[in-house]
Every structure is written in structure tokens, then in C-alpha cells.
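**Student:** let's see this in three dimensions:
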Amino acid sequence: MTHTPTAPDVEEWLNVLGRQEAAGDIADPEPVSPDEARRRMRLLAVPAEDHGRVLATLPDPARAPARWQALRHCHRALFSQSAPAPRETAWPDAPAALGEAGRYFYVHLYLLALPLALERQRRLGIPDDIVAATFADVGAKMITYRLAHRTGGFDRQRWVMRHFRGTLHRLGRLQFERTTLDTAALGGPPGPDGPADGERVLSVHIPEDGPLTPARCAASLRAARDFFTQHFPDETVQFATCSSWLLDDQLAAYLPPPSNILHFQRRFTRFGGRPVGDDDVLQFVFHVPLGTTDFDRLPQRTTLQHAVVGHLRAGRHWRLSHGWTPLPAPSKATARPEADAINSRQTPPS
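**Tutor:** Residues are numbered from 1 along each chain as shown. As a prediction, the model looks like this:
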């Protein structure tokens, strides 16, 4: 492997990663053999076309000491209890000067971090199929990176922190993140019937694969209540929330009433602010890099694609919207003795 000279922007990037290292007794990652790296890539669902390039650019302490040290910093920040939340973590994309090695840097991080992440999942008793479905999001984000940039890479490093820290799991069609409601960040409270500020909630995220059918979504929500009751019994959760452009009520003007998206919207009671979400829509629907959208080159094959472009051409904006929905009651097999008391909870004063 050829050593990449340190350029000024590379030096600053390395310094930023070093400053993010958090205190804690976290073991450093170990170099991996090609066979072990391939095994881990399969678990992370890394696309086959990326395997060779990931291996070719995988650093070790002898051949790429600067990048290896950067990976050590990130590994500690990933698992330390004192590390900041993903949105507050400064893990910028690697500089272009690093080329392919930079584009795959955070894939290397998650390959090296996989053993500790799996051990945490085992301690929680998470079933293997749910672990696999959850961690396969790494490969899914590599697919969307290639669609957007026409080359291999990965740029969702802060997003996948949730999976490896064990705060997010995929259950069927949807992903669920354990978090607390921050009404100030969302632009307002849900109201007296919804969750209170600071209350534990499950934040719903929508992977980009497969139809968003009502049956699959309902099954995911049922599975979520049972799953979190069983594996996180000390965290009482009654509500799911969602923040997405898919909850923008303007979509009703373009989509037929039976559409899966509108059915998904009707599950949620809207609340809070409605910031502009044009970039999110364009990335999700068309997989285009930020700031590079040429409306004339975007496909118009589906009703949704046509709606997105027509709305923006008319000078209007798409909006990120927030919503809440009560979770189904846990099944008898997973309900706890205090379930009746939880379900009769009194809403705190607003």
C-alpha cells in the first residue's frame, strides 16, 4: 500500500478526530486479517463490488500509522460513555487528498469496531437476526453513496454510531431509536395527549428499501413494543415519534389517498416546527449529492418523483414534519407486572 503524504487539510482532519476522543477504558481495535475482514463485511452487508477496495485501503499500524491512530481515536469516541451524541460528534468526511482510503475510512472504523458492538448486543440478548438486520444498514448506506457519487465510499458515519452503540435496532420494515423527547429542538410540544418533554420515546426511522405498506409498518410497531419491553425493561416507553419529510402534509396534494406514504402519515399526530427539508427529499428520492441538483436531469418515472420536482419548480419547499403515535400494548408474553400502571399513566401538566 502506498503511503499518502500528509496534506494540510489531512492534518487538520486528523486533528479534529483526535480532539473528539473521549475519556474511558476502551480497548483499542486490533488489525484484522483479510479473511476476518471479509467475514465482517458480510455481516455489515458491504456490497460485493466494494470488498476488494475496502481491503486494499484497510490501514494497519505499520503501513498507515496516521490513519490507524485516527481510527483508534474514533473507536474510543464511539464506545465511551462520555462521548457526545452523534449529532454533536465532529467526524467530518475525510479530505479528498486521501482518495479511496478516505472514502472508506469510516467503513474501516466500523469493521474494526464490530467485535465490541456485537459483544454489547450479546449482553443485551438481542437475537442474531435483529443484529444482522440492524448492522446491514452500513451496506445500505454504501449503496446510496454509490448511487449519488458514482463511486465507492461511505459518508453516514455519525448516523451509524447509533447502531454500534446499541441505541437503534431494525425491527422489520422500520428502525427504532431509544431517545428522549426534546421539544425545544423540534419546535414545540406534542400536546396533552402525547409524550412530555424529556420522556423516553422511540424515534422511528424509515430505511430506503421496500414498500412502506401499512401491514409491514403495523407489524414493526407491534414488534417494537415487545422488543424494547423485553430487552430494556428499565426504560418505560409508550410513544413513538417520527421526524421526516414523509410526514409533510403537502404530499396529500400529489399522492392518491390509498398511497402507502399517506397511510403512514395518518398514524402520527403532527406537532412542532416545519423546517425546510428540500435536501432530505432530493437525497432520499433521487440520491443526488447536496447542492448538485439539476431538475432537468432528474427522472420522472413515479408519482412521487414527479411531485417532488414539480413542487420545487413552482418555488415551494418541502418541509420536515414531526409526529407522535402511541405504541401498541405489549403482548402478554412480554408485558411486565407494572404494565397496567404504566398504561394508566397520568399526563404531566404542560
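
**Student:** look through the chain and tell me its longest helix.
**Tutor:** Selection of the longest helix in the chain by residue count, based on DSSP state H, yields helix 105-124.

**Student:** the helix or strand that comes right after it: which residues count as buried?
**Tutor:** Tracing the chain past helix 105-124, the next element assigned as helix or strand by DSSP states H and E is helix 128-135. By neighbour count, and taking 16 or more other CB atoms under 10 Å as the criterion, the buried residues in helix 128-135 are 130, 131, 133, 134, 135. Just so you know, the C-beta spots here come from the backbone N, C-alpha and C atoms, and that holds for glycine as well.

**Student:** is residue 246 in contact with residue 206, as I believe?
**Tutor:** Yes: the pair formed by residue 246 and residue 206 meets the contact definition of CB atoms under 8 Å, at 6.4 Å.

**Student:** leaving out chain neighbours, which residue sits closest to residue 251?
**Tutor:** residue 261 (6.0 Å; CB to CB, 6 or more residues apart in numbering).

**Student:** before we move on, which element is the one you found in?
**Tutor:** helix 260-265.

**Student:** which residues touch that helix?
**Tutor:** The contact list for helix 260-265, computed with CB atoms under 8 Å, 6 or more residues apart in numbering, reads 211-214, 217, 246-247, 249, 251-252, 255-256, 304, 323.

**Student:** coming back round to it: so how far is residue 211 from the residue nearest to residue 251?
**Tutor:** Counting by CB to CB, to the nearest Å, the gap from residue 261 to residue 211 is 10 Å.

**Student:** please apply the same query to residue 250.
**Tutor:** Plainly put, residue 250 is 21 Å away from residue 211 if you go by CB to CB.

**Student:** my guess is residue 331 contacts residue 226. True?
**Tutor:** Yes: taking contacts as CB under 8 Å, residue 331 lies within contact range of residue 226: 5.4 Å.

**Student:** who's more crowded, these two?
**Tutor:** The residue with more neighbours, out of residue 331 and residue 226 and counting by other CB atoms under 10 Å, is residue 226; that gives 18 against 13.

**Student:** could you list the low-confidence segments of the chain?
**Tutor:** With pLDDT under 70 as the threshold, the chain has low-confidence stretches at 1-8, 23, 332-350.

**Student:** and it, what are its domains?
**Tutor:** Taking automatic domain parsing as the reference, the chain has its domains at 1-166, 169-275+319-350.

**Student:** residue 298: which of these is closest?
**Tutor:** Of all the domains of the chain, the one in closest proximity to residue 298, counting by CB to CB, is domain 1-166 (12.7 Å).
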